[in-house]
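Could you work out the structure for the sequence below:
(chains A and B)
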Amino acid sequence: MSGSSRPLDPKHAHHAEPTLAEPHEHADSLAGHPIELWIAYTLRAGVILAALIIASGVVVYLVRGAGPNDPRTLSELLHTHATSVTLRQIIHDAVRGHGTALIELGVLVLILTPIIRVGMTMLLFVGERDAVFLAIVSIVFVILVIGIVGVGV
Amino acid sequence: MALVTDDPHAWSAMHSLEFFVIGIFLAAILAGVIGSLAGLGGGVLIVPLLTIGFGLDIRLAIGASIVSVIATSSGAAAAYVKDHLTNVRVAMLLELATSTGAITGAFVAAYLNARVLFALFGIILLFSLIPIVLKIGENIPEDVEDDRLSRRMRLASAYPDHALGRTVGYHVTGVPVGFGMMYGAGIVSGLLGIGSGALKVLAMDTAMRLPMKVSSATSNFMIGVTAAASAGVYFWRGDVVPLIAAPVALGVLVGALLGSRVLMRMQNNTIRLIFIPVLGAVSIEMLLRAAGVA
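Modelled structure (predicted):
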């Protein structure tokens, strides 16, 4: 599979100069691909889901008031010192109906949305049998996963 | 549950907190509208808004901003896919550089003094005016030949141009230079909590000579991915404060939706006339902050 794109190189170079037919065909095969449509739907669904969770967190906060770890006054909010967050704490608080923990869950869904998109793009290149780009997208995916897992924080 | 306290001052203080959050929400809607009109996504306005307008620590402003950048970029990118404008291969290749840069930037930001962040922000904001002022990319680049990497990676493509009524084929050059510029754009994004769309478009336009419409759509595709790379670092560090991030993310989303409707009916020149003075003033204000004057 890794050899499939290399032998094409010189041929491709000659083709690309006189006619644009090949790039054109290429653009259609990528953008019109059903996986691309699924990617678009996933993006939209991820953003809508995140927005709904965040909004419900705001509503819960307004109805129930501040939780034990939340700022209670404006000056407390303005002087918030960043303290590191853990997934365990967020889930613990969200289950107990803390509005701010729900907001944090929504933010996590939002951050995961583009990462899932990149994961789906990997499928796109599997379908295209393009080993070089499969490798590139996989590396990007790993970098993103390292970012979200929070190595070194 | 916490609404009842015996301290009368606490009651009014808590309501001022609520008004503050609502105020941020309304301001974020405005930033979303202006940002989507100018094609910058709104993130670039959020940090000045939260720091200068609402007196927040610049680090917490950056944390809220990076989250809102993901929201607007992902929302807009979904629409672009159908237009066949995004070059997914170019985006993914360059994303190697931007996502690495973004994580670098997010780590470095923790060690930088707030005034340095203000200064960098002001300078980047001035830079992002360049494409708007110079009207970069109004013509489709001619006589571009694929460079070696572009040929090997088959980056050349084509897009349907509705204004011209035909499919426009294009080639991609200057991949190594573009890649390097993208690493810089990634660092800026991770450091300042913005999409750095202007820098990305600049790299694709000037170094790689992509048509403007392709650069814009591809940049938009990339912004959300780049922002997601650094957002995790900000999130776990606790810089994404829920009561600030929620009104910012929701407000910018609502604003971007409204803005995209107004956009259909506005002239390009009107947008430029509104936007250049606004961005110019904001960047000067940020630089004054950095100098300790404001």
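
looking at the chain, which helix or strand does the model trust least?
Picked chain A for this. Within chain A, no helix or strand scores below helix A:8-16, which has a mean of 37 by mean pLDDT, DSSP states H and E.

quick one: pLDDT of A:S2?
Here, the pLDDT recorded for A:S2 equals 36.

can you pull the pLDDT of the residue nearest to B:A109 when sequence neighbours are not counted?
Excluding the flanking residues, the one nearest B:A109 by CB to CB, 6 or more residues apart in numbering or on different chains is B:L191, at 5.0 Å. Heads up, the C-betas are built off the backbone N, CA and C, glycines and all. If you check B:L191, the pLDDT there is 94.

Report the next helix or strand after the strand or helix carrying B:L191 in sequence order.
Assigned by DSSP states H and E, B:L191 falls within helix B:175-192. Following helix B:175-192 in sequence order, the next helix or strand is helix B:197-202 (DSSP H and E).

Does B:P160 lie in a helix or a strand, and which?
Using DSSP H and E, B:P160 falls within strand B:157-161.

which residues of the stretch 51-200 of chain B score low on pLDDT?
Flagging of the stretch 51-200 of chain B using pLDDT under 70 yields the residue ranges B:77-83, B:131, B:135-139.

what are the ranges of the helices in chain A?
Using DSSP state H, the helices found in chain A span residues A:8-16, A:21-31, A:34-64, A:74-78, A:87-95, A:99-127, A:131-149.

Just give me how far the helix holding B:L191 sits from the chain centre.
Distance of helix B:175-192 from the chain centroid (CA atoms, centre = their mean, to the nearest Å) equals 13 Å.

Now do that helix: which elements does it pack against?
helix B:58-82, helix B:88-109, helix B:114-133, helix B:148-153, helix B:197-202, helix B:212-237 (3 or more CB pairs under 8 Å, 6 or more residues apart in numbering or on different chains; DSSP states H and E).

quick one: contacts for the residue minimising distance to the centre of chain A?
In chain A, the residue lying closest to the centroid (CA atoms, centre = their mean) is A:P114, at 2.0 Å. Taking CB atoms under 8 Å, 6 or more residues apart in numbering or on different chains as the criterion, A:P114 is in contact with A:L43, A:L144, B:I70, B:S73, B:S74, B:G224, B:V225, B:A227, B:A228.

before we move on, what about B:L257?
Neighbouring residues of B:L257 by CB under 8 Å, 6+ apart: B:G32, B:G75.

what about it, distance to B:A64?
To B:A64, B:L257 is 19 Å away according to CB to CB, to the nearest Å.

Would you quantify the distance from A:L37 to chain B?
Distance, A:L37 to chain B, by CB to the nearest CB, to the nearest Å: 7 Å.

and that residue, how many residues sit next to it?
14 (other CB atoms under 10 Å in any protein chain shown).

cool, and B:P176?
By the criterion of other CB under 10 Å, B:P176 has 12 neighbours.

Not counting sequence-adjacent ones, nearest residue to it?
Per CB to CB, 6+ apart, closest to B:P176 is B:L149, 6.8 Å.

The one you found contacts B:V177, doesn't it?
No - counting by CB atoms under 8 Å, B:L149 stays clear of B:V177, with 10.7 Å between them.

since we're on the closest residue to B:G75 other than its chain neighbours, how many residues are nearby?
Closest residue in space to B:G75, ignoring its immediate chain neighbours: A:V47 at 5.1 Å, by CB to CB, 6+ apart. Residues lying near A:V47 (other CB under 10 Å) number 26.

separation between A:V47 and B:I140?
A:V47 is 32 Å from B:I140, by CB to CB.

Same question for B:R59.
Per CB to CB, B:R59 is found 42 Å from B:I140.
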